[in-house]
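S.K.: this one's structure only:
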């Protein structure tokens, strides 16, 4: 780990798991189920995405992504990673064997979909 990234990590500003994203053909229904079960109200909604309020500050949010068809196999969940330097985190992931799949934008928020060396998807976005 380079000195600058270590300093950011020591300040609590390194990469973090921001969300655990669940693909869903009915994100409204599924988020309502988990919201009620976990007693976590919806904290945000935007164009096919719904986030529940985290259990406590600093822990990942449970989130739901509307998809057109059920996700096949075991890839129904993925991690959303946020970092102060998302581009550097993407370069690091690629150097470790990850591959870029596609980029997305909602308004001024951008994220890159990546795959780890075994094909598991995760997303990287700016903090």
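M.R.: Yes, it's here. If you're wondering where the values come from, they're calculated on a predicted model, not measured in any experiment.
S.K.: Show me where the chain has its helices.
M.R.: 3-10, 27-38, 86-95 (DSSP state H).
S.K.: Export these to a markdown table and append columns for mean pLDDT and mean neighbour count.
M.R.: Where you see a C-beta, it was placed from the backbone N, CA and C, and this is true even at glycine. Listed next are those as a markdown table, based on pLDDT from 0 to 100; neighbours: other C-beta atoms under 10 Å:
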| stretch | mean pLDDT | mean neighbour count |
| --- | --- | --- |
| helix 3-10 | 60 | 12 |
| helix 27-38 | 91 | 14 |
| helix 86-95 | 95 | 16 |
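S.K.: Save the ones you listed as CSV, and put in distance to residue 16 too.
M.R.: Formatted as CSV, the helices of the chain follow (distance: least, C-beta to C-beta, whole Å):
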stretch, distance to residue 16
helix 3-10, 10
helix 27-38, 20
helix 86-95, 10
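S.K.: Nearest the middle, which residue of the protein would you pick?
M.R.: Residue closest to the average C-alpha location in the chain (C-alpha atoms, centre = their mean): residue 80, at 1.5 Å.
S.K.: Tell me, what's the model's pLDDT at the nearest residue to residue 122 once chain neighbours are set aside?
M.R.: Spatial nearest neighbour of residue 122, chain neighbours left out: residue 79 (4.6 Å); criterion: C-beta to C-beta, 6 or more residues apart in numbering. On pLDDT, residue 79 comes in at 88.
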